[in-house]
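Colleague: what's the 3D shape of this:
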Amino acid sequence: MCDERMVFRKDGVEIHMNLFVVLAKEPTMRKRAQLLTVTAVFTFLASVLFASPLLAQNHKIDFEEFAGPSRFDAVQVPVRALSATISGGEILRNSSFAPVGKATVYGTSSECSGCSPEISIQFNQKVSDVEVSYQSQQALEVTYATEDEQGTLHEVMLPESLGVGTGTLSLPYQGIRQVKVASHSTDFQFVINSITFAATATPVLIDPVVANLLNGSAVTTTVNTIAAATTGLVSGSAADGTTQTVLRIPATSVGQTFTVAVINDQGAQSSSVPNDGGLMALGGSTSSLASTLNVTAVTTSAGAEAFAIYRGPVNFSRGTADNSLTTRSVTLRATPASGTATNTSVTVARPPVILVHGLWGNASSFNNFTPLITDTNFNVSRAVYANTITGVTSTTPSFSSSVDSSIEANSLGFAYNAPSVLAQVNNFIAAYRTSANVAAVKADIVAHSMGGDISRTAFLLSTFLSNTTFGAGPINKLITVATPHLGTPVAADLLLSTNTCARNVLASDGDIALQSITFSGTTTDGAVYDLEGNGYGSSLSAALTNLKQTQPFPTAYIAGLATSTNLNGLSCIFCDAEALRLLCSSNPLAKDLTAKNWPTIYGQGNDTIVPLDSALNNLTGLQYSGVIHTAALETLDFDGPSVLDPASNISSEVINLLNEAPTGTDFH
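Modeller: Take a look at the predicted model:
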């Protein structure tokens, strides 16, 4: 049955539009209208007299806890407050748009870069009696969507637009999941002052990390704390085999029992915890995860409630059919011993993907890493450690003052850069939780060159196995591309005094080979020093020796192999390679910069920088022939493509590995 009533307020005046007004215009219809009215009143009274004690709680979002500019600037990531996610615009603080007594509003404008003419309010659960206080310079169109018992959404557009000025939109309906307020003007501008709604008595999914429901690395067993949670309500979970969410189930009485079951996307009860996720009790162990769980309602500060923990699937893709998906879904069905079951839809999302560049690189290192960076199925970010180092007092080897002033973090060692990269990984995961509205504690890392060593070094940090990752750390899978896990002999060569000329030429172009550096009173190892090793597993630097061959996250190895075609360009005369050979004629590295001599530095297959065994960490992995280590080598007349160029097809292989289960044959 469709409720055609709409209520909105304009300048303090409440306006009712009701189907009964239309019906009452015809005498023959007046009695029917009266009958419908009586029926509605009786239904209302019956709901009051015989309703369960699960009363909806009223909530208000006023945006006061959020920060933002005073004028329209640029679109922000979606704002999450209580069980709502608001998107399309940005927070304005201390703005002229804020009404008297308020400091903050949420708005959108054609003057805001990237802002939409539509503000969307998405609820993570069914809510009722939504009211939106607004100010607008144009008439606004309103649509809202309700969810039925089968989980189907029904969208309704209000027949009348909201007028110009200040007003309050009222939607006195139940089961609301989304409200959209939009302007059709090219010069749009409107703000929302506040949102109020009643949370319906249905199960909700809570991210215990965001809601501060952790006791150590586990979800708290203090039910009053969980019952009182008003933040962290989410629509799903990342498929990383670690992320946990809490299902909070309202009950009619203490002692009421429920059977909670995971229903797969085929509508059947799941038979696979790895594929669909699993359930366990508060205080339970992940070893007890199952597709069904019996829970009993207990006394809480919010009334009788039951609780279950849902841990997400081990991997997003269950097979080829999932490889083209961004998300999939499961349902948590709570069936009471007597009564009607409730279904909570859970979005199963891919973990975010974070790219980590290598020695002397930066975010642009991955600019051509297609198709991954353009694949909308993946949420891709880039960790960067390329900030300029200030306060340099000395380096080994020494360089000119102009070189010292240009040293970037990408020339420093693993220990210096690992904390920064780890912090960025955690921040990207937190941002992903907000933008995707899912619980997530891990990311898939794709690392090039030294970025793989830095990612592995992060595991050695005391902050890696944090409580907010349930003690597992934030790396789900690590995929390394041309990483010198066992070092490279060219690193030691670069630091030899006999190669000073070649080293200075590289430094003048920003590629600075350091053994150590002292700045701001701190001395730390250089990146090239940390990369020393013969490529077979011997003569390793202390930094590489500290790394373990296996770590708590599954790792896949991709190696490049240069061929004679990649080296032919070195046999040139009027070129940069020849210029370096002539300028630094006494330097062994310069002498070896020929198609014949360069491979002899390594004594095994290599990508012109990293030996094969080193890239594979003396294990098995994927090998790609006809590629060089980095496109930067093309300035020295090596011929590409590089391992990060689309022509190498390595980016497509990385997508395959992101889809592959962490227990797959390509992971160690």
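
Colleague: what's the spacing between F459 and A261?
Modeller: Going from F459 to A261 by CB to CB, to the nearest Å gives 37 Å. Using the backbone N, CA and C atoms, a C-beta is placed for each residue, glycine as well.

Colleague: break this protein down into its structural domains.
Modeller: Domain ranges of the chain: 13-49, 57-199, 204-349, 353-659, per automatic domain parsing.

Colleague: nearest to F667, out of those?
Modeller: Nearest of the domains of the chain to F667, taken as CB to CB: domain 353-659 at 3.8 Å.

Colleague: how far does that closest one sit from the chain's center?
Modeller: 24 Å (CA atoms, centre = their mean, to the nearest Å).

Colleague: now swap in stretch 151-167 and tell me
Modeller: Distance, centroid of stretch 151-167 to centroid of chain: 32 Å (CA atoms, centre = their mean).

Colleague: dump that stretch to PDB, keeping only the CA atoms.
Modeller: This file holds the C-alpha atoms of stretch 151-167, laid out as PDB (Å, rounded to 0.1, in the frame of the first residue of the first chain):
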ATOM      1  CA  GLY A 151      15.100  -6.200   0.800                       C
ATOM      2  CA  THR A 152      13.800  -4.500  -2.400                       C
ATOM      3  CA  LEU A 153      14.100  -0.700  -2.700                       C
ATOM      4  CA  HIS A 154      11.200   1.400  -3.900                       C
ATOM      5  CA  GLU A 155      12.000   4.900  -5.000                       C
ATOM      6  CA  VAL A 156       9.300   7.700  -4.800                       C
ATOM      7  CA  MET A 157       9.600  11.200  -6.100                       C
ATOM      8  CA  LEU A 158       7.500  13.800  -4.200                       C
ATOM      9  CA  PRO A 159       5.000  15.500  -6.500                       C
ATOM     10  CA  GLU A 160       5.800  19.000  -5.300                       C
ATOM     11  CA  SER A 161       9.200  20.700  -5.100                       C
ATOM     12  CA  LEU A 162      10.500  22.300  -2.000                       C
ATOM     13  CA  GLY A 163      10.300  26.100  -2.300                       C
ATOM     14  CA  VAL A 164      13.000  28.700  -2.100                       C
ATOM     15  CA  GLY A 165      14.200  29.800   1.300                       C
ATOM     16  CA  THR A 166      14.300  28.100   4.700                       C
ATOM     17  CA  GLY A 167      12.200  25.000   5.400                       C
END
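
Colleague: and that stretch, what's buried?
Modeller: V156, L158, S161, L162, T166, G167 (16 or more other CB atoms under 10 Å).

Colleague: among those, which are located in helices?
Modeller: Judged by DSSP state H, helices contain none of the buried residues of stretch 151-167.

Colleague: export the domains of the chain to TSV and tack on distance to F667 and mean pLDDT?
Modeller: Formatted as TSV, the domains of the chain follow (distance: least, CB to CB, whole Å; pLDDT from 0 to 100):
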stretch	distance to F667	mean pLDDT
domain 13-49	55	39
domain 57-199	32	91
domain 204-349	11	96
domain 353-659	4	97
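
Colleague: from the buried residues of stretch 151-167, pick the one nearest N618.
Modeller: Closest to N618, out of all of those and judged by CB to CB, is V156, at 62.8 Å.
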